[in-house]
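Asker: Got a predicted model here, sequence first, then my questions.
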Amino acid sequence: MVEDRLVGPVFGAEGADWQLTVESRARRVRADLAAYEHLPGTEHARHAAMASLKVVDAALRGAPRRWWSVASWWSGWHIERAWRALHEAEISAMSIDPELPGRLPGLRARIDVYLPCEDPRSQALQGLDLSGGVTAADRAVVVDALRAAFDASDDAHAAARALRNKLVLATVALFVLNTVLGVIGIVRPGLVPLCIPAQQSGPSAMVCPSGGTTPTGWDVWLAQMFGTLGAGLSVVVLLIRRRPEVTPYVLTGYQALIKVLFGATLAVVGLLAFSAGLAQGIVCISSQSALLLWSVLLGYAQHVGTRMLDKYADRIMDDVRPVPEQPVERPQPRG
């Protein structure tokens with residue numbers, strides 16, 4: 001008999017959204033295999049599907065060791081192993097499905113979102129006619145197309161994980177850079193010159209982020225804090241644009257951290273440019289409030305650069321979702 005058991009979560013009492021998706025689809029495969037159990041000539045495919053489902057179970061249960069958790073999170077092996085094994089189980093089950101003609105429209109729609117229209121496997125599936133019965137060659141066409149679509153989905157998982165890891169490294173680098181700048185500002189006030197000549201108070205008057213006329217240890221930290229405030233406004237825009245995700249890798253939090261930290265860095269760099277006189281005659285700063293306001297604006301200005309990152313992340317996440325929003329566009333037949 002085909003087992004139908006609950007699968008334990010990976011790291012604790014509650015599972016992630018992607019685990020729920022994998023578990024529900026694994027149960028569907030088990031239900032299908034139970035229905036095919038008495039069909040002659042299906043033993044090999046059912047055995048292969050059950051072997052893949054055991055891999056899914058093992059990947060979902062995981063192990064509680066902390067070092068294993070960190071390494072698994074970074075490599076994503078348990079996520080991608082679970083998805084790849086689930087896909088193999090679904091392919092094996094589909095290869096012996098007696099109701100394949102009725103499932104063909106759904107299969108075509110499912111494969112269209114992953115394979116381009118010029119792919120020969122997709123074209124072969126589109127031209128398949130099962131009204132006269134299903135042959136072994138017909139099933140081979142379905143299996144090849146479905147495997148190619150699942151391979152594209154699995155590769156998208158790997159791409160999303162690689163992008164997430166790059167975002168993590170960039171976040172750590174920006175955090176270290178901002179912290180070092182802040183510590184330097186405290187240890188050696190004025191070494192990072194952020195005080196700007198007050199243009200309406202004489203050539204020798206200076207205005208600093210901390211409010212005085214001479215550098216203090218808080219200048220860099222104040223510039224970074226108000227730059228973070230400006231970046232936080234763009235984070236709100238990012239969160240409003242995002243919809244809830246059920247994908248294995250969610251990049252929104254990492255994108256938000258990049259924006260916040262980059263906004264703090266850009267505020268310091270911008271005030272350095274003002275201090276060097278690069279904006280003389282263009283920007284008029286005569287008070288602390290004006291200087292801090294510019295820090296906010298400079299922090300928000302990071303959105304110009306990080307917007308390209310947001311668009312790239314959107315493309316990656318569209319591919320990695322279990323069901324992408326937009327199918328691959330196909331040319332309309334000429335009538």
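Answerer: Looks like it arrived, so ask away. Not measured: the values here are computed from a predicted model.
Asker: Now do the strands in the stretch 151-300 of the chain.
Answerer: All strands of the stretch 151-300 of the chain, identified by DSSP state E, counting those that start in this stretch, fall at 196-197, 206-207.
Asker: Show me how far the first one is from its chain's centre.
Answerer: Between the mean C-alpha location of strand 196-197 and the chain-wide mean there is a distance of 42 Å, by CA atoms, centre = their mean, to the nearest Å.
Asker: Okay, now the sheet partners of it, with direction.
Answerer: The pairing partners recorded for strand 196-197 under DSSP bridges are strand 206-207 (antiparallel).
Asker: Averaged pLDDT, the strand it pairs with. What do you get?
Answerer: Mean per-residue pLDDT for strand 206-207: 86.
Asker: what residues does it touch?
Answerer: 195-198, 201, 213-214, 285-288, 290-291 (CB atoms under 8 Å, 6 or more residues apart in numbering). In short, each C-beta sits where N, CA and C put it, glycine included.
Asker: confidence score at A279?
Answerer: For A279, pLDDT reads 71.
Asker: With S95 as the reference, measure out to it.
Answerer: A279 sits 67 Å away from S95, taking CB to CB, to the nearest Å as the criterion.
Asker: Looking at the contacts of strand 206-207, which is nearest L33?
Answerer: Using CB to CB, L291 is the member of those that lies nearest L33, at 68.6 Å.
Asker: these two touch, right, that closest one and G270?
Answerer: No. In this structure, L291 is not within contact of G270 by CB atoms under 8 Å, at 10.4 Å.
Asker: Of these two, which one has the most company?
Answerer: Legend: neighbour count by other CB atoms under 10 Å for L291 and G270, higher for L291 (25 against 22).
Asker: ok, the more buried one - contacts?
Answerer: 196, 207-209, 271, 285.
Asker: Could you export stretch 236-255 as CSV, CA atoms only?
Answerer: C-alpha atoms of stretch 236-255 as CSV (Å, rounded to 0.1, in the frame of the first residue of the first chain):
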residue,chain,number,x,y,z
VAL,A,236,7.8,51.6,2.5
VAL,A,237,7.3,51.9,-1.3
LEU,A,238,9.0,48.5,-1.8
LEU,A,239,6.7,46.9,0.8
ILE,A,240,3.6,48.4,-0.8
ARG,A,241,4.6,47.0,-4.2
ARG,A,242,5.2,43.5,-2.9
ARG,A,243,2.5,40.9,-2.5
PRO,A,244,2.7,37.9,-0.1
GLU,A,245,5.2,35.3,-1.3
VAL,A,246,5.0,31.5,-1.1
THR,A,247,8.3,30.9,-2.7
PRO,A,248,11.2,29.1,-1.0
TYR,A,249,13.4,32.3,-1.1
VAL,A,250,11.9,35.7,-0.1
LEU,A,251,14.2,38.6,-1.1
THR,A,252,12.1,41.5,0.2
GLY,A,253,13.8,41.7,3.6
TYR,A,254,17.3,41.6,2.1
GLN,A,255,16.4,44.3,-0.4
